[in-house]
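>>> Got a predicted structure plus its sequence, pasted below:
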Amino acid sequence: MSVHPSSVIAPGAVVPASCEIGPFCTIGPEVILGERNRLISHVVLDGRTRLGDDNTIYPFTSIGIPPQDLKYRGEPTLTEIGSRNTIRESVTISRGTEKGGGITRLGSDCLLMTAVHIGHDSSVGNHCILANAATLAGHVTVEDFATVGAFSPVHQFCTVGRYAYIGGGTIVTQDVLPFSLTSARRENRAFGINKVGLTRRGFSEARLKKLHSAFRLLLAARLNTTEAVARIQSLAAEPDLDSEARADLELLLRFIERSQRGVIK
């Protein structure tokens, strides 16, 4: 095991020999690391924290720290980190709270840029990007393949849908539609589909075309949300519709139907 002599690993911590622990790191007694994790320096892992394999964690990052919640009284809650994540400098990830579900999760293959904060009881999916100083309050859900732009705070209990792209400096107080490009110019608005991101993820022209049609109904057709949803349901019911395009529309409809805070249109 490669452990710098200035680092402190508490008795009880599980650190495989394949891991690399750089200078001035602190690993608590209930931390369990997977294989080939690399802590570059000055990293704090605390609480009941579990990491998968092949994560790289940069200096001054703290994971599994107590939540910033005045109701927290030291309950034994969890932090779970997946595999192959890059977690850059000064990131903070708080453990869960007992009343909030007890666990904070980060999936796999994510990039967290400098100064990102993931609050207690939040859940971030796989293949997500959180840019510099993106801030998730407690109980936030970020679904797979989503991007949260720099300096964007996300309000408690909001959900950011799959494949969504949030522009930098956007204050998110409602749910962000999946597949959408949402940004703040003068006010928060969804501007259509995240075409560049979806193309990079391999979406066909047929899928993009149907999503574009659905978003025109939601955003530009002068329909209220109920009327737009009814029209999108008709699109999804077309007998000759490609199966992947149908799945995209159904995902969009389910997201709108289960939204508790309303969606940004």
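Sure thing, it's come through. Note that this is a predicted model, so its numbers are computed, not measured.

>>> quick one, phi/psi of the closest residue to Glu257 other than its chain neighbours?
Nearest non-adjacent residue to Glu257, counting by Cβ to Cβ, 6 or more residues apart in numbering: Val229, 7.5 Å away. C-beta: built from backbone N, CA, C; applies to glycine. Main-chain torsions, Val229, degrees, to the nearest 10: phi -60, psi -40.

>>> Val229 contacts Ile256, doesn't it?
Yes - proximity of Val229 to Ile256 meets the contact threshold set by Cβ atoms under 8 Å, at 6.0 Å.

>>> What count of nearby residues applies to the nearest residue to Gly52 once chain neighbours are set aside?
Nearest residue to Gly52, sequence neighbours excluded (Cβ to Cβ, 6+ apart): Ser83, at 3.4 Å. Each residue near Ser83 was counted by other Cβ atoms under 10 Å, and the total is 18.

>>> Just want to check the distance between Ser83 and Leu211.
As defined by Cβ to Cβ, to the nearest Å, Ser83 lies at a distance of 30 Å from Leu211.

>>> With Ser234 instead?
Distance from Ser234 to Leu211, counting by Cβ to Cβ: 15 Å.

>>> Check Pro66 too.
According to Cβ to Cβ, Pro66 stands 41 Å off from Leu211.

>>> Compare neighbour counts for those two and give me the winner.
Ranked by neighbour count (other Cβ under 10 Å), Pro66 and Leu211 place Leu211 first, with 25 against 16.

>>> how about the helix or strand harbouring that one as PDB, C-alpha atoms only?
Element membership for Leu211, per DSSP states H and E: helix 205-219. Listed next in PDB are the C-alpha coordinates belonging to helix 205-219 (Å, rounded to 0.1, in the frame of the first residue of the first chain):
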ATOM      1  CA  GLU A 205     -32.100  12.100 -35.800                       C
ATOM      2  CA  ALA A 206     -35.500  10.400 -35.400                       C
ATOM      3  CA  ARG A 207     -35.200  10.600 -31.600                       C
ATOM      4  CA  LEU A 208     -34.100  14.200 -31.700                       C
ATOM      5  CA  LYS A 209     -36.900  15.100 -34.000                       C
ATOM      6  CA  LYS A 210     -39.600  13.600 -31.800                       C
ATOM      7  CA  LEU A 211     -38.100  15.200 -28.700                       C
ATOM      8  CA  HIS A 212     -38.000  18.600 -30.500                       C
ATOM      9  CA  SER A 213     -41.700  18.200 -31.400                       C
ATOM     10  CA  ALA A 214     -42.600  17.400 -27.800                       C
ATOM     11  CA  PHE A 215     -40.600  20.400 -26.500                       C
ATOM     12  CA  ARG A 216     -42.300  22.700 -29.000                       C
ATOM     13  CA  LEU A 217     -45.600  21.600 -27.500                       C
ATOM     14  CA  LEU A 218     -44.400  22.300 -24.000                       C
ATOM     15  CA  LEU A 219     -42.600  25.500 -24.600                       C
END
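
>>> Sounds good, over and out.
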